[in-house]
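Q: I would like the atomic coordinates for the input below:
(2 chains)
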Amino acid sequence: MITGRFFASGADRRVLFTILVLLVVAVLVPVLNLAVPPDSMFHVPTFMVALVGKYLCYALLALALDLVWGYCGILSLGHGAFFALGGYAMGMYLMRQIGDRGVYGNPLLPDFMVFLNWKELPWFWYGFDQFWFAALMVVLVPGALAFAFGWFAFRSRVTGVYLSIITQALTYALLLAFFRNDMGFGGNNGLTDFKDILGFNIQASTTRSALFAASALALALAVYITWRIVGSKFGKLMISVRDAESRTRFLGWRPENIKLFAFTVSAVMAGIAGALYVPQVGIINPGEFDPSNSIEVVVWTAVGGRGTIMGPIIGALLVNTGKSYFTGALPELWLFALGGLFVCVTLFLPKGVLGLWDQWRDRGARRRAEADTPPPGDAPAIVRATPAAPAEHRALGAAPEPQPAE
Amino acid sequence: MGRKSGTILYLDGVSVSFDGFRAINNLSLVLDRGEMRAIIGPNGAGKTTMMDIVTGKTRPDEGEVFFDGEIDLTRHDEADIATMGIGRKFQKPTVFEGHTVEDNLVLSLKGPRSIFPALFHRRAVEEDRRIDEILAVTRLEAKRGDMAASLSHGQKQWLEIGMLLAQDPKLLLVDEPVAGMTDAETVETARLLKDIARTHSVIVVEHDMHFVRELGVKVTCLHEGSVLSEGSLDHVSSDPRVVEVYLGR
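A: Just a heads-up that it's a prediction; the model follows:
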């Protein structure tokens, strides 16, 4: 059934392709890293595995943002907060895994607590020695925050730029809070010096490969879930809310509930991305809450093409590859490049790289079509007009033109 | 209850002000079950504000608004009121441009309005039948698979009326259904609305007098937020106060 639907339209085929690539990569890259000898040209170095694994987490974050922004019209400038919260939940588990191998050798308290002269573990650190508990928190904490935030924001009908500003304030408030030492999350330095995850050495190349595979699989799963949501009647409602909120409301739907569901699902996805990210980069600190991080996610999504499933993934990979190159070669120019990129994409590529690609393909197809059909006459004015050719690549619900957030 | 029974819409002594401006001023209006009514009036007469009050978008400062003889509409919000059976067509045709004509109707069809049924929704045969019916009535069969954005202005108006029909409301509020339509389309729309009025109660707000004449129903003229004149179109248009309002002082 799944494959049957996949071949139904171009957009669906693209989703299948994305999932397949991710599954192949999830297997192939670890094999090329672990099984192929380092001197072979097919060997993938471990640093590369970690780097691309990190990008995949970013891609998952961008996909999460796209679910609310591209499909539901909620421009969240605070999605980094959910990512960071998921990351902190994972970081707390990794801290507890260190046990007595810390600098101070305290079997219970992480180093920073010993340093702050704390005598016992704060209550909110309980349970994080268990992986299942941490995994639950990775999902629950961002989800609950998004639910509470969305409950109030959407119910009071805050939309557009005002909502964006509040999301930005949310992540900024969390940034300030997590900077404080007495919050109990390691303050400025955050959580780091991880040793093990699930009993495996976090530095080992096998563990890194496993984390990479987990990231690719998580992204593939998220693509599948997003695709199913977007293709459902609910997905069509999300687009309806984006394009004509009051029409949706006057048809008896509650846009606030639709937005709340999308926002919560998206926050959970972002949290999972953060949880996979932290063990791969080895640190989580309040910098992840920085509003500029969240804005960068918006740039990735816009560059790739919002309102599509493949777009944000491509955008995240492209921009971050560019970032890695630039910050190595011309570090002082990176921010200008990023800003310029956003301006250019907004002005010239409103549908992102993916939109540009479709445009080229369409133009080619049209040129071919025009060659063998005469130019169309004036369409009859009234309703009995002949049907126009159905849109070729009717992306799942994607609007003919992405609408501004407000 | 008394006077309210048998009415589909009952407004009594309704007033609402925005920043000191009285958009609706002691408005009373009664629509019987199954009746079609045309509402005319110059710009700023309060026609759209009246619709906002009925559909729950605006709360009146004072006055009673009852639907179906017993439901106090001032206690409900837009989504509630829509599910109770009041459909509204906006002045500017508002359809979901990013969806096909068919999907526009699917989303409008009467049915559960919560998240999880929508997530796991599968199209039923009955729904297909309803959609076929509505497409036939609104003459959009050939456009079924087209994006709503590609429709002409008149077709969008029709699609929006079709979306109202899909909701299967008891009362339809139709705001300027023929604005921007050709003469032929206007005639067709009048036919369509008269058809709908056979089984629904309808309020039509319109500027176009030819169209109102075509409908051949009781007319209410609003001015400065209250009823200026009411009766047949001939009666209303010969009312000196109406003439004065329309021609200016």
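Q: give me every residue that touches residue 88.
A: All of this is about chain A. A:178, A:185, A:191, A:274, A:278, A:284 (CB atoms under 8 Å, 6 or more residues apart in numbering or on different chains). (Glycine included, C-beta is placed from N, CA and C.)
Q: I was thinking of chain B, sorry if that wasn't clear
A: A:250, B:51, B:55, B:82, B:164, B:172-175.
Q: Mark which of the contacts of A:Y88 are buried, thanks.
A: With burial judged by 16 or more other CB atoms under 10 Å in any protein chain shown, the buried subset of the contacts of A:Y88 is A:178, A:185, A:191, A:274, A:278, A:284.
Q: ok, which stretches of the chain are strands?
A: In the absence of a named chain, this looks at chain A. Assigned by DSSP state E, chain A shows strands spanning A:191-192, A:196-197, A:200-201, A:283-284.
Q: Can you look at chain B instead?
A: B:7-18, B:21-32, B:36-40, B:62-67, B:71-72, B:86-89, B:171-175, B:201-205, B:218-223, B:226-231.
Q: Single out the most deeply packed of the ones you listed.
A: Of all those, strand B:86-89 carries the top mean neighbour count, a mean of 27, counting by mean count of other CB atoms under 10 Å in any protein chain shown.
Q: Find out how far that one is from the centre of the chain, if you would.
A: Centroid separation between strand B:86-89 and its chain, computed with CA atoms, centre = their mean, to the nearest Å, is 5 Å.
Q: sorry, back to before: from the buried ones among the contacts of A:Y88, pick the one nearest B:E160.
A: A:G274 (43.3 Å; CB to CB).
Q: for chain B, what are the low-confidence residue spans?
A: B:1-2, B:248-249 (pLDDT under 70).
Q: How are the helices of it distributed by residue range?
A: Ranges of helices in chain B, per DSSP state H, are B:47-54, B:78-84, B:101-108, B:115-119, B:125-137, B:153-167, B:183-197, B:209-215, B:233-238, B:240-247.
Q: May I see those helices arranged in CSV, with mean neighbour count as well?
A: Shown next, in CSV, are those (neighbours: other CB atoms under 10 Å in any protein chain shown):
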stretch, mean neighbour count
helix B:47-54, 23
helix B:78-84, 21
helix B:101-108, 25
helix B:115-119, 15
helix B:125-137, 15
helix B:153-167, 24
helix B:183-197, 17
helix B:209-215, 18
helix B:233-238, 15
helix B:240-247, 13
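Q: Centroid-nearest residue for chain A?
A: Closest residue to the average C-alpha location of chain A: A:L61 at 1.4 Å, with CA atoms, centre = their mean.
Q: and it, how far is that from A:L94?
A: A:L61 sits 19 Å away from A:L94, going by CB to CB, to the nearest Å.
Q: Redo the strands of chain B as JSON lines? Include distance to A:K351.
A: Converted to JSON lines, those look like this (distance: least, CB to CB, whole Å):
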{"stretch": "strand B:7-18", "distance to A:K351": "39"}
{"stretch": "strand B:21-32", "distance to A:K351": "41"}
{"stretch": "strand B:36-40", "distance to A:K351": "42"}
{"stretch": "strand B:62-67", "distance to A:K351": "44"}
{"stretch": "strand B:71-72", "distance to A:K351": "45"}
{"stretch": "strand B:86-89", "distance to A:K351": "31"}
{"stretch": "strand B:171-175", "distance to A:K351": "33"}
{"stretch": "strand B:201-205", "distance to A:K351": "38"}
{"stretch": "strand B:218-223", "distance to A:K351": "45"}
{"stretch": "strand B:226-231", "distance to A:K351": "50"}
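Q: How about the contacts made by the residue lying closest to A:G87 once chain neighbours are set aside?
A: Nearest residue to A:G87, sequence neighbours excluded (CB to CB, 6 or more residues apart in numbering or on different chains): A:G274, at 3.5 Å. By CB under 8 Å, 6+ apart, the residues touching A:G274 are A:57, A:61, A:82-88, A:90, A:138, A:142, A:284, A:288.
Q: and if you look at A:D182?
A: Contact analysis of A:D182 by CB under 8 Å, 6+ apart lists A:L116.
Q: Can you name the residues of the stretch 151-300 of chain A sitting close to chain B?
A: Residues of the stretch 151-300 of chain A lying near chain B by CB under 8 Å from any CB of the partner chain: A:229, A:232-234, A:236-237, A:239-240, A:242-244, A:246-254, A:257-258, A:261.
Q: 10 Å instead, please
A: With CB under 10 Å from any CB of the partner chain as the criterion, the stretch 151-300 of chain A comes near chain B at residues A:228-229, A:232-244, A:246-258, A:260-262.
Q: Among those residues, the buried ones, what's the ChimeraX command?
A: Here is the ChimeraX command that selects the buried residues among those (16+ other CB under 10 Å):
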select /A:228,229,232,233,234,235,236,237,238,239,240,241,242,243,244,247,248,249,250,251,252,253,254,255,256,257,258,260,261,262
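Q: what about the residue nearest to A:G307 when sequence neighbours are not counted, how many neighbours?
A: Nearest residue to A:G307, sequence neighbours excluded (CB to CB, 6+ apart): A:G70, at 3.7 Å. Residues lying near A:G70 (other CB atoms under 10 Å in any protein chain shown) number 31.
Q: Distance-wise, check A:G70 relative to A:W360.
A: Separation of A:G70 from A:W360 (CB to CB): 21 Å.
Q: now A:G86
A: Applying CB to CB to A:G86 and A:W360 gives a distance of 37 Å.
Q: Can you pick out the residue with more neighbours from the two?
A: Ranked by neighbour count (other CB under 10 Å), A:G86 and A:W360 place A:G86 first, with 33 against 10.
Q: For chain A, tell me whether stretch B:29-48 is touching it.
A: No - if you take CB under 10 Å from any CB as the test, stretch B:29-48 misses chain A, and the best it gets is 12.8 Å.
Q: start to end distance for that stretch?
A: Stretch B:29-48 has an end-to-end distance of 14 Å (CA to CA, to the nearest Å).
Q: Would you reformat the strands of chain A as CSV and include mean pLDDT?
A: CSV is the format used below for the strands of chain A (pLDDT from 0 to 100):
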stretch, mean pLDDT
strand A:191-192, 94
strand A:196-197, 93
strand A:200-201, 93
strand A:283-284, 96
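Q: Please identify the deepest-packed of these.
A: It is strand A:283-284: most buried of the strands of chain A by mean count of other CB under 10 Å, with a mean of 24.
Q: What strands line up against that one, and which way round?
A: Using DSSP bridges, strand A:283-284 pairs in its sheet with strand A:191-192 (antiparallel).
Q: contact partners of the strand it pairs with?
A: The contact list for strand A:191-192, computed with CB atoms under 10 Å, 6 or more residues apart in numbering or on different chains, reads A:87-88, A:90-95, A:98, A:110-112, A:185-186, A:278, A:281-285.
Q: Could you do stretch B:10-18 as well?
A: Identification of contacts with stretch B:10-18 by CB under 10 Å, 6+ apart yields B:1, B:3-4, B:22-32, B:46, B:49-50, B:52-54, B:58-71, B:73-74, B:225-227.
Q: Centre of the chain to it, how far?
A: How far stretch B:10-18 lies from its chain's middle: 18 Å, per CA atoms, centre = their mean.
Q: Stretch A:334-341 now?
A: With CA atoms, centre = their mean, you get 20 Å for stretch A:334-341.
Q: one step back: distance to A:W118 added to the contacts of B:R88, as JSON lines?
A: As requested, the contacts of B:R88 are exported to JSON lines (distance: CB to CB, whole Å):
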{"residue": "A:F250", "distance to A:W118": "56"}
{"residue": "B:M51", "distance to A:W118": "63"}
{"residue": "B:T55", "distance to A:W118": "58"}
{"residue": "B:A82", "distance to A:W118": "56"}
{"residue": "B:L164", "distance to A:W118": "64"}
{"residue": "B:L172", "distance to A:W118": "67"}
{"residue": "B:L173", "distance to A:W118": "65"}
{"residue": "B:V174", "distance to A:W118": "68"}
{"residue": "B:D175", "distance to A:W118": "65"}
